[in-house]
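Visitor: Provide a 3D model corresponding to the input given below.
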Amino acid sequence: LMTELRGTLLNGFTQRELDQAVDALVGFEERRPTEAETAQDDDLADRLVEAFLSGTDLRPADDLARENISFLEGLELAEVNEHWRWVLTSSAPIVLVVGPDEGRVGDASNHLAAVERAAAAAVDAVDDDVVEIDALMAAPSPVTESARKDLDRSPGFELEFENGMRVLFSPSDIEEEQVLVVTESPGGRAMLDADDGAVAPVAVDAVNSSGLGGHSAVQIRRFLADEDVGLAAYVADASEGFSGGAAADDLELLFQLMYLAAVEPAVEPVQFAQQVEASRDLVTEVELDPGLAADVLVNDSRTGGGALAAAPTLAQLDGLDANRALAIYQDRFDRLDDHVVVVVGDVDVDLVVDLARRYVGTLPAATALERPSLPGPFGVVEREEVVGSTGVGAYRLWITGEADETIANRVLAELATSLVNDRGFSVLREELGATYGGQAFIEFEEPGDGVELYVAVDGDPERLDEIDEAVSEELAGLAAGDIAADDLAEARAVLA
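Guide: Just a heads-up that it's a prediction; the model follows:
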């Protein structure tokens, strides 16, 4: 890293690098006025706070965009490089090395020696040998849907194709000229063996950060630099799919990314190594952080661990290589069965239909339908584990129950969540004084799976039994209807 910085100091940036950076920033500024028209209250509040604390500009979005674009388009390479050299030479670098333990951090003298070697390095200008691409792929010929029908509960329609895949579209102008896309196919980690399932999220992240369609990650990143589009694959316990969003004008790029991620993914060595290292850091952090360890215990208690483990072991990561990561990904995404693609946004209906016919209807059909079966229920499970040395303990409670996800029940769940958070944590903080923080929520799981209560409290490790008793007493009181009128009025006010 320090050698690369030294190279930019000696050789500066290239005109191509500057042009790419300017194009990306100009694209952002061109979208600023449109996005400002549909800004939410919390966005406006953040702007006001930032302006008050930091003096940022509060002028109308049109004025800011016009001025910023004028500045960007007037930049000269020489002045950019001169300013960059000033940044690098105005003071000595401050290097911070952070890790979970001394063995991973390394010796300070070695880091200082690396900085000194980089400062004296003679770095030649690097030829930019990355072949630029002008398209992700050629558009497939469209296929006609086998069925079309209107949606039952909202405006829009559903298209069904011969390959078993469906596209659901519902118009929404909440965000002007913006579109969200979420897809799902049954399967997920439940269809893998224990070792493959535990590392499947790492494999999917490695694909997400790599190239696709025969293009490298650098080529993809440069091609999309000034486009408003993003898409990532995901794998869950019992499903897999894609999630992303785009400006209406860039929606075809999103569909192309999804198509290529299904039929021509890749795992590049550098990106794979980065994802494995990040996962190693998480595993080590779980061994040190009681809160994270408690969350892992809750997950593994409710799922049985194995393929659905919240985190892989270091041994499982050691056994993963790039080829196996790609194979695990393809096992889940190569032929998506019963794949549902949901499109919501402010976009032309005919465009959605055309993209569905080209990029969803032409995906390879699955040879069989997967119907994953999740383990459990496991009855009452209590787990204890000693981790870390921070002087903080973690308490977690997770309970499930049967309930239909009606509008009335969802409102009641939100009301009960407010009551639990207000009354329960006021007891823990003010009367017991044994908590450093906590939260609770009551919400519905996947359709048909009922409702769940989750309580998380971080507190004095010597008083976790008291916290357990206090939480249990408060929940029992609420369940018995022991609710003061003032508490109920305050909970209603939160939802109003």
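Visitor: which residues of the stretch 201-350 of the chain fall in helices?
Guide: 217-223, 251-263, 269-288, 290-303, 314-318, 322-333, 349-359 (DSSP state H, counting those that start in this stretch).
Visitor: and the fourth one, what other elements does it pack with?
Guide: Helices and strands touching helix 290-303, as assessed by 3 or more CB pairs under 8 Å, 6 or more residues apart in numbering; DSSP states H and E, comprise helix 269-288, strand 393-401, strand 451-459. Heads up, the C-betas are built off the backbone N, CA and C, glycines and all.
Visitor: Determine how far the last one lies from the middle of the whole chain.
Guide: Read it as strand 451-459. On the basis of CA atoms, centre = their mean, to the nearest Å, strand 451-459 sits 22 Å off its chain's mean C-alpha point.
Visitor: And the contacts of it?
Guide: 290-291, 294-295, 298, 392-403, 405, 409, 413, 420, 424-425, 428, 434-445, 467, 471, 475 (CB atoms under 8 Å, 6 or more residues apart in numbering).
Visitor: most tightly surrounded among the helices and strands packed on helix 290-303?
Guide: strand 451-459 (a mean of 20; mean count of other CB atoms under 10 Å).
Visitor: picking that back up, of the contacts of strand 451-459, grab the buried ones for ChimeraX.
Guide: For the buried members of those, the matching ChimeraX selection, counting by 16 or more other CB atoms under 10 Å, is:
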select :290,291,294,295,298,393,394,395,396,397,403,405,413,420,424,425,428,434,435,438,440,441,442,444,467,471,475
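Visitor: any idea how far the residue nearest to residue 139 when sequence neighbours are not counted lies from residue 252?
Guide: Leaving aside its chain neighbours, residue 139 sits nearest to residue 358 (5.4 Å; criterion: CB to CB, 6 or more residues apart in numbering). Distance, residue 358 to residue 252, by CB to CB, to the nearest Å: 8 Å.
Visitor: so what sits against both of these two?
Guide: Common neighbours of residue 358 and residue 252 (CB under 8 Å, 6+ apart) are residue 139.
Visitor: My read is that residue 400 contacts residue 443, right?
Guide: No - counting by CB atoms under 8 Å, residue 400 stays clear of residue 443, with 11.0 Å between them.
Visitor: ok, the residue nearest to residue 139 - contacts?
Guide: Residues in contact with residue 358, defined by CB under 8 Å, 6+ apart, are 139-142, 255.
Visitor: Going by distance to residue 228, which of those residues wins?
Guide: Minimum distance to residue 228 across the contacts of residue 358 is 14.4 Å, recorded for residue 255 (CB to CB).
Visitor: Report pLDDT for the closest one.
Guide: For residue 255, the pLDDT comes out at 98.
Visitor: Now do the contacts for the closest residue in space to it that isn't next to it in sequence.
Guide: In space, residue 255 comes closest to residue 359 once its chain neighbours are excluded; the distance is 4.0 Å by CB to CB, 6+ apart. By CB under 8 Å, 6+ apart, the contact list for residue 359 reads 139-140, 255-256, 258-259.
Visitor: low-confidence ranges in the stretch 301-450 of the chain?
Guide: Flagging of the stretch 301-450 of the chain using pLDDT under 70 yields the residue ranges 389-390, 424, 430-436, 446-449.
Visitor: need the strands for it, in chain order.
Guide: 340-345, 393-401, 435-444 (DSSP state E, counting those that start in this stretch).
Visitor: Turn these into a markdown table, including distance to residue 304.
Guide: Shown next, in a markdown table, are these (distance: least, CB to CB, whole Å):
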| stretch | distance to residue 304 |
| --- | --- |
| strand 340-345 | 27 |
| strand 393-401 | 14 |
| strand 435-444 | 22 |
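Visitor: now for those strands, which one comes closest to residue 27?
Guide: Set against residue 27 and scored by CB to CB, the strands of the stretch 301-450 of the chain come closest in strand 340-345, at 18.6 Å.
Visitor: Show me the longest helix that occurs in the protein.
Guide: The helix spanning the most residues in the chain, taking DSSP state H as the definition, is helix 15-37.
Visitor: Quick check: residue 157 touching residue 169?
Guide: Yes - counting by CB under 8 Å, residue 169 is a contact partner of residue 157 at 5.9 Å.
Visitor: In terms of neighbours, single out the busier of those two.
Guide: The residue with more neighbours, out of residue 157 and residue 169, is residue 169; 23 against 16, by other CB atoms under 10 Å.
Visitor: Checking my notes, the more buried one in a strand, right?
Guide: Yes - the assignment for residue 169 by DSSP: H, G, I helix; E, B strand; the rest coil puts it in a strand.
Visitor: what's the pLDDT at it?
Guide: 97.
Visitor: Please look at it and residue 350 and confirm they touch.
Guide: No - contact criterion CB under 8 Å: residue 169 and residue 350 do not qualify, at 10.9 Å.
Visitor: Quick check: neighbours shared by those two?
Guide: By CB under 8 Å, 6+ apart, no residue touches both residue 169 and residue 350.
Visitor: of all the contacts of residue 358, which comes closest to residue 96?
Guide: Nearest to residue 96 among the contacts of residue 358 is residue 255, at 42.0 Å by CB to CB.
Visitor: and stretch 57-67, how far from the chain's centre?
Guide: What separates the centre of stretch 57-67 from the centre of its chain is 30 Å, taken as CA atoms, centre = their mean.
Visitor: Only alpha carbons, please: show it as PDB.
Guide: C-alpha atoms of stretch 57-67 as PDB (Å, rounded to 0.1, in the frame of the first residue of the first chain):
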ATOM      1  CA  ASP A  57     -23.800  23.900   1.900                       C
ATOM      2  CA  LEU A  58     -27.600  24.000   2.100                       C
ATOM      3  CA  ARG A  59     -28.300  25.600  -1.300                       C
ATOM      4  CA  PRO A  60     -30.800  24.000  -3.600                       C
ATOM      5  CA  ALA A  61     -29.700  20.800  -5.300                       C
ATOM      6  CA  ASP A  62     -29.800  22.300  -8.700                       C
ATOM      7  CA  ASP A  63     -27.400  25.100  -7.800                       C
ATOM      8  CA  LEU A  64     -25.000  22.700  -6.000                       C
ATOM      9  CA  ALA A  65     -25.000  20.200  -8.900                       C
ATOM     10  CA  ARG A  66     -24.500  23.000 -11.500                       C
ATOM     11  CA  GLU A  67     -21.500  24.400  -9.600                       C
END
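Visitor: Sort out which residues of that stretch are buried, please.
Guide: 61, 64-65.
Visitor: What's the separation between residue 257 and residue 343?
Guide: 14 Å.
Visitor: same question, residue 290
Guide: According to CB to CB, residue 290 stands 42 Å off from residue 343.
Visitor: before we move on, what about residue 31?
Guide: 20 Å.
Visitor: again, but for residue 82
Guide: Remark: distance between residue 82 and residue 343 (CB to CB) = 47 Å.
Visitor: what do you get for residue 219?
Guide: Look at residue 219 and residue 343: by CB to CB, they are 27 Å apart.
Visitor: more neighbours, those two?
Guide: residue 343 (25 against 18).
Visitor: so what's the nearest residue to the more buried one once chain neighbours are set aside up against?
Guide: Spatial nearest neighbour of residue 343, chain neighbours left out: residue 169 (4.6 Å); criterion: CB to CB, 6+ apart. By CB under 8 Å, 6+ apart, the contact list for residue 169 reads 156-159, 342-344, 349, 352-353, 356.
Visitor: swap the cut-off to 10 Å and go again
Guide: Counting by CB atoms under 10 Å, 6 or more residues apart in numbering, residue 169 touches 151, 155-159, 179, 181, 341-345, 347, 349, 352-353, 355-356.
Visitor: so how far is residue 294 from residue 385?
Guide: Counting by CB to CB, the separation of residue 385 from residue 294 is 8 Å.
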